[in-house]
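Participant: Dropping a prediction and its sequence here:
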Amino acid sequence: MRRAPGVFTSVLMIEKALTSADVEFVTTLHGDEPITFHVLLQPRGDQADRLLRAIDDVALGELDEAAREGETPEGQEATGFGERALQVSLTALRAAGCAAQGRLIEDHPLDALKALVAEAGADEVIVLTDPHYVEEFFHRDWASRARHKVGVPVLKLFSHSAADEA
């Protein structure tokens, strides 16, 4: 699949549903230029990811969030939540006047990202996630690793906290 002439193509890598503020931000990055989004959403990961998220919550002073990390669905249980978050995000991007398609990724997210960038002829990658201070410090976050893998500019943005209801 190649992009249409005159249309800017972004691969948007997310970990939760986009908020209205997120949608406004990513859809206005390039002014009035038409944008097509290819969205990749990875549902929550494993126990190690849970520990890193709890550390990030503590670093942000969000002790209540850190205490609730155990309540967040993981692995297979998270797939249903991921599907809904993806559909909410695609609907919001389309409502903002952009073409949007997407899919969940479960294994090897950076390999899936690299393949989609090539397949879509993407102009850029936008990684839109919550802050992950531990991973960022060690350059193990998606954006840092993607910069060495995808061959197009990678923009890292922090998402807004609460997703809008569908």
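Facilitator: Sure thing, it's come through.

Participant: where along the chain do the strands fall?
Facilitator: 8-14, 35-41, 99-104, 124-129, 154-158 (DSSP state E).

Participant: For these, which has the smallest mean pLDDT value?
Facilitator: Note on the strands of the chain: strand 154-158 shows the lowest mean pLDDT, a mean of 86.

Participant: got a list of contacts for that one?
Facilitator: The list of residues contacting strand 154-158 from outside it, by CB atoms under 8 Å, 6 or more residues apart in numbering, reads 22, 25-26, 29, 124-131, 141, 143, 146-147. Every C-beta, even on glycine, is put in place using the N, C-alpha and C of the backbone.

Participant: please redo it, this time with the cut-off set to 7 Å
Facilitator: 25, 124-128, 130-131, 143, 146-147 (CB atoms under 7 Å, 6 or more residues apart in numbering).

Participant: Can you go through those and name the buried ones?
Facilitator: 25, 124-128, 143, 146-147 (16 or more other CB atoms under 10 Å).

Participant: From the contacts of strand 154-158, pick the one nearest residue 159.
Facilitator: For the contacts of strand 154-158, the residue nearest residue 159 by CB to CB is residue 128; the value is 5.1 Å.

Participant: Can you pull out the low-pLDDT segments for the protein?
Facilitator: 1-5, 44-79, 131-143, 161-166 (pLDDT under 70).

Participant: please redo it, this time with the cut-off set to 90
Facilitator: Applying pLDDT under 90 to the chain flags the ranges 1-7, 15-16, 31-32, 42-82, 105-110, 127-150, 155-166.

Participant: biggest helix in it, by residue count?
Facilitator: Counting by DSSP state H, the longest helix found in the chain is helix 77-95.

Participant: So which elements touch that helix?
Facilitator: Contacts defined by 3 or more CB pairs under 7 Å, 6 or more residues apart in numbering; DSSP states H and E place helix 77-95 against helix 20-27, strand 35-41, strand 99-104.

Participant: re the thing from before, generate CSV for the contacts of strand 154-158, with distance to residue 9 as supplementary columns.
Facilitator: Formatted as CSV, the contacts of strand 154-158 follow (distance: CB to CB, whole Å):
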residue, distance to residue 9
25, 18
124, 8
125, 10
126, 11
127, 16
128, 16
130, 25
131, 27
143, 18
146, 16
147, 18
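
Participant: of these, closest to residue 33?
Facilitator: Nearest to residue 33 out of the contacts of strand 154-158 is residue 124 (CB to CB; 11.9 Å).
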